[in-house]
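Visitor: My questions are about this predicted structure, shown below with the sequence.
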Amino acid sequence: MSVIQIQSLTKYYGKTLALDDVDLTVEDGEVFGFIGPNGAGKTTTLRILLGLLRKNAGHVSVLGADPWRDAVALHRRLAYVPGDVSLWPNLSGGEVIDLLGRLRGGFDQSRRDELVERFKFDPTKPCRTYSTGNRQKVALIAAFVSDVELFILDEPTLGLDPLMEAVFRDCVTEVKQAGKTVLLSSHILAEVEALCDRISIINEGAIVESGTLAELRHLTRISVSVETAHPVTGLNELPGVHNIRVDGARAHFTVDAGSINRVMEHLTPFDVRALTSAPPTLEDLFLHHYELQTGESAR
Amino acid sequence: MKVGEFSGTGVLIRLILRRDRLLLPIWIAVPPLFVILVASAFVSLYPTAASQQTIAAQIVNGPGLVALLGPVSAPTIGGLAAWRSGIFAAVIVAGANALTVIRHTRTDEETGRYELLGSGAVGRRAPLSASLVVTLGADLAIAALVTVGLVAFGLPVAGSVALGLSFAAVGWTFAAIAGVAAQLAESAGVARGIAAAIFVLFYVLRAVGDANEQSGQSWLSWMSPLGWMRLVEPFASERWGVFALFFGAVIVLIAMAYALSSRRDVGAGILRPRLGPARASPRLRSPLALAWRLHRRTMLAWAAMFAIYGVMVGYLAKTTADLLAANPQLANLFAHFGGASAYTDALFTLSLTFLGWIAAAYAITATLRLQSEEVERRVDHVLATAVSRLRWATSDLTLMVIGSAVVLAAFGLSAGLTYGLSAGNVGYELPRIVVATLAYLPAVWVLGGIAMAFYGIIPRFALLSWGVLGAFIGLEIVGETLQVSQSILDISPFAHVPAVLVSGVSVMPLVSLALVALALIIAGLIGFQCRSIG
């Protein structure tokens, strides 16, 4: 059974189109990555799934229920971490964790103590004194203490340091092993690659790519900049090399992960002086998509 | 002190002017407009010198009014206008100055906006300096407008200048007090609380000092900037020397604020916040319990203020009654108005009018907590759990309804007890004063209902609730002095509150007001159920 089903979802803010005919399905027991740049419509989609926002058109079902109509019954079965965590300034972090856990319908005390320990969190401070990362911890602990079927996480690692990000990844892996479903929105490709079974990419309110990591293999191309003694030639004859730009002694291109060895062999005779490589940023991907779209419509 | 600590002040001044481009002109314009309105009302009510003498004598001989508003410096239009507008202008000017300074210093630090500025070429003293320059300048503009307005109205120049400057001086004092408070407290809320408590303290000092001037306690008024304000005696002796007190206080306070600001870290205060509990108490398990946690401090602070005001009014009523008993001639004068008891009843009724407005402000604040929870996205946490919108909103509304009753009861009880005990007839006075106070409750709820209707249906305009309250107060003040059709005055819920002490309880208007409040709340709740959050 699909845990989340979204069909032709459309949402306007006044006259601005925020979501344009979005389709998305999250299956039971999977970790689903929802990625896109800032303002793409991730948070809007999640808040519709929680019944906080009204949709203009389309069909939405969460755990078989209508999130607008059956909000209360549904919310007993899910936990949510908002993107921009704002807390009550005069409550302590520990109080907020307990309160939210109780409002959701109860939680396991020992699980709470364990999470407070793992996230190295001081629950006694008033919330106004917490940094962004610590506010994020409050929301994460409050979510993971609950024994629910679905976790909806909106950019949950914002402000966490690398150590805490690792703890977060462990938590997601644990709930996945326990058979729960996770919808993870993010703009950090590496995080999504490490955790998610399937991915949807949203840009400007529309889904531009969907599939498993294997299906989206071409998204994991590595971009390479190389400086050589002699100008590089013949790159375009190599399989798996794309977007070639040669500029005198410098060459820039992207290469499929499987073809990197062949490319290295090809480059060595030109006497490599310097070489940098990096996975493509989301911006590169969207730029790429944007170019494709405008190219097609121009034709 | 290095020059670099002030760098960027000019840029910050322009930033404040840009952010407050709507608020600033409003609070600059209100005091001058009010003074001119009051002066013109007195001209139409008491056109002759003889009638001005009579009313001034009546006011001065009733210590209740003297305590509430101060003595009349001169039995002329200028003196009467200065008397009637002084305290009101002080509330507006002191409040606006303190809120502006705190908003552009501590609030910016608390929300982290200051980090953005502080990382640029902005000295650590620049935000305080910029907010002081803007407020001090705005106060000068008020002084200038009051002077020009009153001189154009035909009042003496020296008195007009003295009155305008006294408004400005109170403003400066509270800008400087807020500057200190903003250094002490780590949160803007606590800083505002400190400034408000100091205002109340100064008001009480002045009230007790002014009321007991004959018995030689006027030194109390000299302890309070609100006392200095009337000790300037505009339109009478114009004691310019009093301004030296203001200047001295302002300079000392500003020096204190700067000294404190260089002893602390950005974001920290001098008063350290306490740690909270690591676990929530077992009672913190419902939206109502959360609402109580968020409301309780404000509610108790308001109740305490109302109780202090009650003690003061009760005490004044007793003093008045004594004075009338000791002075048969004066008692004869008041016999024309229905005797001594009628005079104390009239004093209570007048105090209750102010109280109703302030309690309505409480109801609006309590209701609009819903909006700030939504704007700051905290409601998302709660509504994403098994809590329905209706349950969340009604929790806060429950506390608005109960809280309004609590603050009004605090006044009624303390005023009734103080007056009843000192006059020796608690059994008679306490219940009727409490009932007279609680008669304002349905009207206060109507304002809460208006705020809820705005918030539920058109949340963008929720702050208009304050405009509606302002309009109702305006109707009351104008209706008191000018000829306005009763059907227009009846728009205000306060117009329907029975004056219990004067004319007894009437149930129908109370029930109708409560029903109006309920209808407004239900309309707001229906709107809230149907709309998007955030």
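Guide: Sure, I can see it. Residues are numbered from 1 along each chain as shown, chains lettered A, B, ... in the order given.
Visitor: Quickly list the domain ranges of chain B.
Guide: Chain B is divided into the following domains under automatic domain parsing: B:1-272, B:285-534.
Visitor: Quick check: which of these is nearest to chain A?
Guide: Between chain A and those, the shortest separation by C-beta to the nearest C-beta is 3.9 Å, and it involves domain B:285-534. Quick note: C-beta positions are derived from backbone N, CA and C, even for glycine.
Visitor: what's across from the residue of the stretch 1-150 of chain A found nearest chain B in the sheet?
Guide: Closest contact between the stretch 1-150 of chain A and chain B, by C-beta to the nearest C-beta, is at A:Ser92 (2.7 Å). A:Ser92 has these beta-bridge partners by DSSP bridges: A:Pro126.
Visitor: Confirm for me that it is in contact with A:Cys127.
Guide: Yes. Between A:Ser92 and A:Cys127 there is a contact at 7.0 Å, judged by C-beta atoms under 8 Å.
Visitor: between the two, who's got more neighbours?
Guide: Looking at A:Ser92 and A:Cys127 with other C-beta atoms under 10 Å in any protein chain shown, you find the greater number of neighbours at A:Ser92, namely 26 against 21.
Visitor: show me what contacts that one?
Guide: Neighbouring residues of A:Ser92 by C-beta atoms under 8 Å, 6 or more residues apart in numbering or on different chains: A:123-127, B:275-278.
Visitor: make it 7 Å
Guide: Neighbour list for A:Ser92: A:123-127, B:276-277 [criterion: C-beta atoms under 7 Å, 6 or more residues apart in numbering or on different chains].
Visitor: Now that we have the residues you listed, which of them are buried?
Guide: A:123, A:125-127, B:276 (16 or more other C-beta atoms under 10 Å in any protein chain shown).
Visitor: Return the closest of those with respect to B:Ala191.
Guide: A:Pro126 (15.6 Å; C-beta to C-beta).
Visitor: got the domains of chain B as JSON lines, with distance to chain A, mean pLDDT and mean neighbour count columns?
Guide: Below are the domains of chain B laid out as JSON lines (distance: least, C-beta to the nearest C-beta, whole Å; pLDDT from 0 to 100; neighbours: other C-beta atoms under 10 Å in any protein chain shown):
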{"stretch": "domain B:1-272", "distance to chain A": "6", "mean pLDDT": "85", "mean neighbour count": "19"}
{"stretch": "domain B:285-534", "distance to chain A": "4", "mean pLDDT": "87", "mean neighbour count": "19"}
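Visitor: Okay, now the unreliable bits of chain A?
Guide: Within chain A, the segments meeting pLDDT under 70 span A:214, A:216-220, A:280-299.
Visitor: where does the residue located most distally from the centre of it land in three-state SS?
Guide: For chain A, the residue at maximal distance from the C-alpha centroid (C-alpha atoms, centre = their mean) is A:His230, at 41.5 Å. At A:His230 the chain is in coil, as set by DSSP: H, G, I helix; E, B strand; the rest coil.
Visitor: who's in contact with it?
Guide: A:His230 neighbours (C-beta under 7 Å, 6+ apart): A:270-271.
Visitor: Angles on the backbone of it, please.
Guide: phi -110, psi 140 (degrees, to the nearest 10).
Visitor: With A:Asn236 as the reference, measure out to it.
Guide: 17 Å (C-beta to C-beta, to the nearest Å).
Visitor: who wins for proximity to A:Ile207 among the domains of chain B?
Guide: Closest among the domains of chain B, using C-beta to C-beta: domain B:285-534, at 21.7 Å.
Visitor: which SS class is A:Thr209?
Guide: In this structure residue A:209 is Glu, not Thr. Quick answer, by three-state DSSP: A:Glu209 is strand.
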